[in-house]
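Novice: Just to be clear, the model below is a prediction. Sequence and coordinates:
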Amino acid sequence: MILSDPAELPPVSNKTARILFSLIQIIYFSFYIVSLARLSILGEILTLPGNQARIVLVLLIITAAVGIPTRLYLLSAVAFNYLGLNLKFQKLFPFLLILDELWALAPFLIIQQIGAGLALAATAVLLYLPFSQRSLLLMGRFRQVS
């Protein structure tokens, strides 16, 4: 199996799992807000010919519009120590995986500022984050709810 089994993962304290999971949500939330705030600049950055730039911008807007309430839901669930979070997250995981993997490409939107090497390194890290979120919930106290 590709995904970790809960029995394979070491337990961590609930506080550690909640903090790390929350930080990941804040990272994605920040991506969405900054990208939407810089939408006009992103239009200039995307120098794809014709309609391809529009498709990328529309995809960015739609995924950010879906991502913002999702991240707020996950942050509030962690803040209120919602014990059903793990079960809900496991159901959301296939959709979040697609969303998060698309947003892992976000560093390439600022490649002029950070360079290709750093954009590639940041993307590699971001590609792993969806699996980190899942593992954190399975490792923390949230794993007890089934």
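Specialist: That came through fine. Residues are numbered from 1 along each chain as shown.

Novice: Point to the helix or strand of the chain where mean pLDDT is at its lowest.
Specialist: Using mean pLDDT, DSSP states H and E, the weakest-scoring helix or strand in the chain turns out to be helix 39-45, at a mean of 71.

Novice: Where does pLDDT dip in the protein?
Specialist: Within the chain, the set of residues satisfying pLDDT under 70 comprises 1, 43-51, 141-146.

Novice: all helices of it, in order?
Specialist: 14-37, 39-45, 51-79, 85-103, 111-139 (DSSP state H).

Novice: And those helices: which comes nearest Glu8?
Specialist: helix 111-139 (9.1 Å; C-beta to C-beta). (Each C-beta comes from the backbone N, C-alpha and C, glycine too.)

Novice: Now do the closest one: distance to the chain's middle.
Specialist: Distance, stretch centre to chain centre, for helix 111-139: 9 Å (C-alpha atoms, centre = their mean, to the nearest Å).

Novice: my guess is Ala119 meets Ala104, correct?
Specialist: No: between Ala119 and Ala104 there is no contact under C-beta atoms under 8 Å: 10.8 Å.
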